[in-house]
Structure formats: C-alpha cells, structure tokens
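**Student:** here are the coordinates; sequence isn't available:
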C-alpha cells in the first residue's frame, strides 16, 4: 500500500534513460499519464517500446476504459489505426475502448492522483 514511502520519477515529455534505470533498480513502477485518445496511445506505445528495450515495463496511469466511459466526450477526429498498440501492450484495453465508444478524454480535464501500487 502506498504511504509516506511513495517514490516517483517524473518523466515529462522526453524521459531520460538514466532515470529509467534508477527507477527500475529502486523497484519503482514507471507510469505514464496522457490523453485518452489515439495520440495518447501513440505516445504511450513509443515510451513502452523504448523502456521494453531496456527490460523495463511501463504502466498506464489514469488511462483506462472505466475512466473513459465515465468522463469521456465524443471524439472530434477519426482514430488513426496506425496508432494501434502492439499485441500485449498494457494500453490495449484503452485502445479497444476508444474504438468501441468513439469517446476521448484530455489529460488536462482530470485531476492528478498518485498511482496505487504496493
């Protein structure tokens, strides 16, 4: 359970590989929080691939189908199929929900919260 020992590594826009390694060595999960749309999935997948090459897993934060169904709004743009995640990606369930619902949600419309992890 998360408490006063919560540790995080900020990775804004262009993360630094040295920080990835530090987080992995410390046993700190690495999360990404972005828009719930095809562009947000594309960015997540880019980071996920880069981290996977180093043996590090990336987890989505506040990027899930439940949140999309509760707070999403009809998307203004077509979903780009070329942004689809690779098989086994941890963002695949959001991608499926985007395709099924046509909803999107901007990151800025959400209040930040700390990830729940043990």
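**Tutor:** Alright, I've got the coordinates. Source: prediction; values computed, not measured. Numbering: from 1, shown residues only.
**Student:** Please point out which parts of stretch 74-82 sit buried.
**Tutor:** 75, 79 (16 or more other C-beta atoms under 10 Å). Placement of C-beta: from N, CA and C, glycine included.
**Student:** And the longest helix that the chain contains, how far out from the chain middle?
**Tutor:** The helix that spans the most residues within the chain, counting by DSSP state H, is helix 38-52. Helix 38-52 has its C-alpha centroid displaced from the chain centroid by 8 Å (C-alpha atoms, centre = their mean, to the nearest Å).
**Student:** now do stretch 107-118
**Tutor:** Offset of stretch 107-118 from its chain centre (C-alpha atoms, centre = their mean): 11 Å.
**Student:** and it, average pLDDT?
**Tutor:** The predicted model assigns stretch 107-118 a mean pLDDT of 83.
**Student:** ok, now stretch 90-99?
**Tutor:** The pLDDT scores in stretch 90-99 average 97.
**Student:** Who are the packing partners of the longest helix of the chain?
**Tutor:** Applying 3 or more C-beta pairs under 8 Å, 6 or more residues apart in numbering; DSSP states H and E, we find helix 38-52 packed against strand 30-32, strand 58-60, helix 92-101.
**Student:** quick one, which of those is nearest to residue 41?
**Tutor:** Across the helices and strands packed on helix 38-52, the minimum distance to residue 41, taken as C-beta to C-beta, is reached by helix 92-101, at 5.4 Å.
**Student:** List the contacts of the closest one.
**Tutor:** Residues from elsewhere that reach helix 92-101 (C-beta atoms under 8 Å, 6 or more residues apart in numbering): 36-38, 41, 60, 63-65, 68-69, 72, 75, 79, 84-85, 89, 103-104.
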